[in-house]
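Asker: The following comprises the amino acid sequence and a computationally predicted model.
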Amino acid sequence: MRRDWRRPSLNAVAGVIGFFLVAPTLIVVPMSFSSGQRLEFPPPGFSTRWYANFFHSSMWTDAAITSVKVALLTVLVATALGTLTALGLVRGRFPGKALVQALVLSPAIVPVVIVAIGTFFVFIRWRLAGTLTGLVLAHTALALPLVVVTVGTSLRTLDRNIELAAQSLGAGPWRTFWRITFPLILPGIIAGALFAFVTSWDEVVVAIFMTSPLFRTLPVVMWSQVRSEIDPTIAAVASLLMAITVLALVLVVIVRWRASLRTAT
Amino acid sequence: MAGAVAVRRSRTGLRRGGLSVNRWALLVLPGVLFLLAFFGYPLLQMAIKSFNDPSPANYKIFVDSPVYARTLETTFKTAFIVTAACVLLGYPYAYVMSRAGLRAAAVLGFLVLLPFWLSLLVRTYAWTVWLQDTGVINTVLQDIGITNHPLGLIRNTLGVTIGMTHILLPFMVLPIYAVMRRIDPELTPAAASLGAPPFAAFRKVFLPLSLPGVCAGALLVFVLSLGFYITPALLGSPQNAMISELIVNQVSEQLQFGVGAAIAMVLLGLTLIVLFVGTRFVRFGAVTGELDE
């Protein structure tokens, strides 16, 4: 048969590339459980001392609490604003729509260093630099494109006949929205919210400029330590950051899976 | 992009009514005002600062000091190498993914999406664990006796290229996969049944059809590469710094806000030029499937 040798070798190539995509990052997990004094491979033994080190250091725990606060507030603001914007962009009719679309997507394209220093210049004058409000506002701008795209996609795939049916049965526009449209796009909104969470949770560059020694997020402390410290606490922090992100992604998968089950039945 | 479709839609809207605005349109206002205040205005202020803090002479730094011109060159060279590496790795991966069964495609898709979402800082840090002198690769190479001194894998262009390729690969795979998935799987066998040898069938039929995905992915990876900061700062060396590192250095260490703003404007300008020229050749609609309808 034709290309019977090509297929397995191509699959092997894809397998190697898939390994390259995932495995290099996962090395931090075994390293974080090392019993050695410094990062060494292979780890000489198993211990949880670096996690204990993390939870006993107020520098790390304060940063973790700040990170959670910033990420949750970003989720609130970005999800509300993003859902409204997505509704307006998908359902709205107005001149200059392409321009608005470009504006909404641009925080994902403009290099993040540029966003960081521009926001830094302005927020110093507005006394927002180094504050919770300032960082939440900056992170919301970065998370907005993701929420708009995610909610927009679920709005576009929505069967509008269901809404027309509700209206023909006498439901007003407000009632149609809350009883029909909103529940149907809710999985998209939740997915958008989780993406906004991950965006803020992992963000470093803007946070470096928006934070102060007394107000720092986890990635910022990690960034300040990563070039000087060589002990495996950073590997433990990296593993914790990853664990939370993976948890959020698993939730996205579950929400989408349940939504697809509901539409299938 | 989606913009082209939006323009087409709003044109039909204009034809229908005089001033075609409906009530849904009002909902974009809060988001638009937010972005204008906390994203657009800061960029505008940065543009102003680059000219008047203290003067437009901020831009002369590119003429006066050869370091800056060289950094631009390094940035574009790195972006080019990373883009090429991503095409080489991403194309076969996307090909296998688009031709695989449901379950295998789901696994391959998971392997792409997981790193896509993992923290850039964590992924870059993980590469230091592999590449540094006392890192995994050098330890293993010395233990099995291939070399007796650590190889320089980090603090140079090699380290930056490896790290950035790893981080940007998902941005290449996803658009290529999106395009390949919509190519009729019967086309290549059809060409073969008409007498084309397997590779010719691929080169003459499949490859041209998949090119829009490659172009979109390449443009995306190239543009994102231009603005990279964390990865080159951690894996690279100051001698071959990228332009983002110079911006941060000017603003947070030299406290030359105007000069930092000027360099940032040059980076922004170059990014927009690449995007503008790139979108002349790339049809994003082919990736999102909007052109199919």
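Answerer: Thanks, I have it. Residues are numbered from 1 along each chain as shown, chains lettered A, B, ... in the order given.

Asker: What is the neighbour count of the residue of chain B found nearest chain A?
Answerer: Minimum separation of chain B from chain A (C-beta to the nearest C-beta) falls at residue B:227, amounting to 2.4 Å. Glycine gets a C-beta too; all of them are placed from N, C-alpha and C. Neighbourhood size, residue B:227 [other C-beta atoms under 10 Å in any protein chain shown]: 25.

Asker: Surely it touches residue B:245?
Answerer: No. Taking contacts as C-beta atoms under 8 Å, residue B:227 lies outside contact range of residue B:245: 11.0 Å.

Asker: Distance of the residue of chain B closest to chain A relative to residue B:164?
Answerer: 11 Å (C-beta to C-beta, to the nearest Å).

Asker: Please apply the same query to residue A:51.
Answerer: 30 Å.

Asker: likewise residue A:164?
Answerer: Residue A:164 sits 49 Å away from residue B:164, going by C-beta to C-beta.

Asker: Please say which of these two ends up with more neighbours.
Answerer: residue B:164 (28 against 12).

Asker: which regions of the stretch 101-250 of chain B lie under the pLDDT threshold?
Answerer: Within the stretch 101-250 of chain B, no stretch has pLDDT under 70.

Asker: and it, which residues reach chain A?
Answerer: Residues of the stretch 101-250 of chain B lying close to chain A (C-beta under 8 Å from any C-beta of the partner chain) are B:107-108, B:111-115, B:117-123, B:125-130, B:134-136, B:139-140, B:166, B:169-170, B:192, B:198, B:223, B:226-227, B:229-230, B:234, B:244, B:247-248.

Asker: So for residue A:158, what's the nearest residue that isn't a sequence neighbour?
Answerer: Closest residue to residue A:158 apart from its sequence neighbours, by C-beta to C-beta, 6 or more residues apart in numbering or on different chains: residue A:184 at 5.6 Å.

Asker: near chain B at all, stretch A:84-99?
Answerer: Yes. With C-beta under 8 Å from any C-beta as the measure, stretch A:84-99 is seen reaching chain B through A:84-85, A:87-89, A:91-95, A:97-98.

Asker: Please name the residues that touch residue 118.
Answerer: Just going to use chain A. B:42-43, B:45-46, B:264 (C-beta atoms under 8 Å, 6 or more residues apart in numbering or on different chains).

Asker: let's do chain B instead
Answerer: Contacts of residue B:118 by C-beta under 8 Å, 6+ apart are A:25, A:202, A:242, A:245-246.

Asker: Quickly note the distance from it to residue B:167.
Answerer: The gap separating residue B:118 from residue B:167 is 9 Å, by C-beta to C-beta.

Asker: ditto for residue B:159
Answerer: On the measure of C-beta to C-beta, residue B:159 and residue B:167 end up 13 Å apart.

Asker: Mutual contacts of the two, please.
Answerer: Joint contacts of residue B:159 and residue B:167 (C-beta under 8 Å, 6+ apart) do not exist.

Asker: and of the contacts of residue B:118, the nearest to chain B?
Answerer: The closest of the contacts of residue B:118, once distances to chain B are taken by C-beta to the nearest C-beta, is residue A:202, at 3.8 Å.

Asker: I figured the closest one hits residue B:124, correct?
Answerer: No. Look at residue A:202 against residue B:124 with C-beta under 8 Å: they stay out of range, at 11.6 Å.

Asker: higher neighbour count, the two?
Answerer: Set side by side, residue A:202 and residue B:124 show more neighbours around residue B:124, with 27 against 24, by other C-beta under 10 Å.

Asker: centroid residue for chain B?
Answerer: residue B:221 (2.4 Å; C-alpha atoms, centre = their mean).

Asker: So that residue sits against residue B:86, correct?
Answerer: Yes. The pair residue B:221 / residue B:86 is scored as a contact, 5.0 Å apart, by C-beta under 8 Å.

Asker: can you map out the helices along the stretch 51-200 of chain A?
Answerer: A:58-91, A:97-105, A:112-125, A:132-156, A:160-168, A:173-176, A:182-202 (DSSP state H, counting those that start in this stretch).

Asker: what residues are up against the residue nearest to the centre of chain B?
Answerer: Contacts of residue B:221 (C-beta under 8 Å, 6+ apart): B:79, B:82-83, B:86, B:168, B:171-172.

Asker: rewinding a little: out of the residues of stretch A:84-99 next to chain B, who's the most crowded?
Answerer: residue A:85 (29 neighbours).

Asker: Spatially nearest residue to it (excluding sequence neighbours)?
Answerer: residue B:31 (3.3 Å).

Asker: The one you found falls within a helix, correct?
Answerer: Yes. Under DSSP: H, G, I helix; E, B strand; the rest coil, residue B:31 sits within a helix.

Asker: got the contact list for it?
Answerer: Here residue B:31 is in contact with A:81-82, A:84-85, A:88, A:104, A:144, A:148 (criterion: C-beta under 8 Å, 6+ apart).

Asker: Recalculate using a threshold of 10 Å.
Answerer: Listed by C-beta atoms under 10 Å, 6 or more residues apart in numbering or on different chains, the contact partners of residue B:31 are A:78, A:80-89, A:100, A:103-104, A:140, A:144, A:147-148.

Asker: And the pLDDT at it?
Answerer: pLDDT for residue B:31: 97.

Asker: Compute the number of surrounding residues for residue B:67.
Answerer: By other C-beta under 10 Å, the burial measure for residue B:67, its neighbour count, is 13.

Asker: ah, wrong one, I meant residue A:70
Answerer: Using other C-beta under 10 Å, residue A:70 has 26 neighbouring residues.

Asker: now do the one 3 residues further on
Answerer: By the measure other C-beta under 10 Å, the count of residues near residue A:73 is 18.

Asker: how many neighbours does the closest residue to it other than its chain neighbours have?
Answerer: Ranked by C-beta to C-beta, 6+ apart and with sequence neighbours excluded, the top spatial neighbour of residue A:73 is residue A:136, at 4.5 Å. Per other C-beta under 10 Å, the neighbour tally for residue A:136 reads 22.

Asker: Correct me if wrong: residue A:136 contacts residue A:67.
Answerer: No. The pair residue A:136 / residue A:67 is not scored as a contact, 11.8 Å apart, by C-beta atoms under 10 Å.

Asker: residues shared between the contacts of the two?
Answerer: residue A:200.

Asker: Could you pull out the buried residues of stretch A:179-188?
Answerer: Burial within stretch A:179-188, assessed by neighbour count using 16 or more other C-beta atoms under 10 Å in any protein chain shown, is assigned to A:180-181, A:184-185, A:187-188.

Asker: What are the contacting residues of that stretch?
Answerer: Residues contacting stretch A:179-188 (C-beta under 10 Å, 6+ apart): A:83, A:86-87, A:90-91, A:147, A:149-160, A:162-167, A:171, A:173, A:176-177, A:189, A:192, A:252, A:254-260, A:262-263.

Asker: Among those residues, name the buried ones.
Answerer: Using 16+ other C-beta under 10 Å as the burial test, those include A:83, A:86-87, A:90-91, A:147, A:149-155, A:158, A:163, A:166, A:171, A:176, A:189, A:192, A:252, A:255, A:259 as buried.

Asker: ok, back up a step: need the residues touching each of residue B:118 and residue B:167.
Answerer: Between them, residue B:118 and residue B:167 share these contacting residues under C-beta under 10 Å, 6+ apart: residue A:25.
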